[in-house]
Each structure stands twice: as structure tokens, then as C-alpha cells.
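Visitor: no sequence for this one, just the structure:
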């Protein structure tokens, strides 16, 4: 309603901007704690699907970083954004509101288990997709994280498992990832003790 703040600075904004700003602000606050948690111990996989939005969410035992890759199953159009351990300074201009909606659901889960992880979110947008707003994506994300995850020993097993549910080849997602090339490449001090 444009009722908050100084009179000269009040602005009406579209509801979707307000929703995304809220998702971003809440998850940023949670990330201040999450970045200090211990890493998860196993590779975890969460899956979910609703109205043509098929999600595969991979949690890897590394420091927090986050990437969303969305691909339309028919046109093969790709949207992707990511952030590393250090907080994002620019708006996720490719994935836009869905990036922040899923990040909020993820942060709620990580706060619940008191762990951090590197997270890859693969979204296959199928022909039956209906746009009902980012609020639905957040609620789908929350629903996905209420189910117990599948556990894996290595990343290849995860990709083989995901491929059984995806229409597109999993390689389209993995080849477009900014975070995967660094997975298991960085040596840690704990590797020497």
C-alpha cells in the first residue's frame, strides 16, 4: 500500500517484486548463520514436480554455494544464476524470482538441520508448465524438503538417478553449471590431517 518509510521515499511496487525482496531478505539473514554451520556428510538428492516444474536439488558436502539452472524441455532455452560462499551482490537476472523462492526454502531446510552445503538446483520446465507465480515455487521447494532425501556415494550415481526422471539429457544441466567444475577440486586443510 506504500504506507511505510519516509513520505518522500514511498513507492508502490508490483506484488512480485515485494515477494522476491522478502524471499531474498529472509534467506540472506539465514545465510549469515548457515555459512558457519558444519558441512553435510553425504551427497543428498531431493526431487519434486508440480504443474510442469520438475526439480532435482542436489546437496554436496562443501561450503555453501548455490546455483539454479532452468531449462525448457521443448525449446531448450536456458536460464541460470549462481552465488559462491560470498554473498551475491547483484540481482539474479536470468532465473529472477524463482532463484530467491527456492533459496528461501533451501535456507529453511539448512537452518533446520544446522548444516551447510553446495547446492545445485536443476529445474526442467515441461510443456504442461503453468505460470502461477514464484510463491508456488517457494511452496513447492518447501514441500520438496519435507520428504527424506536420497543419499549417494558419488556425483555420477546422482546424475544417473536424476536421468531416470528427466526428459532432457542430464548433460545439458551439468555442462551449463558454473559450480560443478570446482566440485572436489579445491584442497582443504582437513585433507592433510
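Guide: Perfect, I can see it now. Note that this is a predicted model, so its numbers are computed, not measured.
Visitor: Looking at the chain, which helix is longest?
Guide: helix 15-34 (DSSP state H).
Visitor: List the strands paired with the helix or strand that that one is followed by, with their directions.
Guide: Going down the chain from helix 15-34, the next helix or strand is strand 38-39, by DSSP states H and E. Sheet pairing here is set by DSSP bridges, and for strand 38-39 it gives strand 115-116 (parallel).
Visitor: got a list of contacts for the strand it pairs with?
Guide: 34-40, 63-64, 110 (CB atoms under 8 Å, 6 or more residues apart in numbering). Yep, even glycine has a C-beta here, placed from its N, CA and C like the rest.
Visitor: after it comes which helix or strand?
Guide: Next helix or strand after strand 115-116 toward the C-terminus (DSSP H and E): strand 118-125.
Visitor: list the helices and strands that next one packs on?
Guide: Under the contact criterion of 3 or more CB pairs under 8 Å, 6 or more residues apart in numbering; DSSP states H and E, strand 118-125 touches strand 53-60, strand 65-72, helix 97-113.
Visitor: which ones are touching residue 150?
Guide: By CB under 8 Å, 6+ apart, the contact set of residue 150 is 44-47, 161.
Visitor: which among those gets closest to residue 8?
Guide: residue 46 (45.6 Å; CB to CB).
Visitor: closest to residue 151 among the contacts of residue 150?
Guide: Closest to residue 151, out of all of the contacts of residue 150 and judged by CB to CB, is residue 44, at 6.1 Å.
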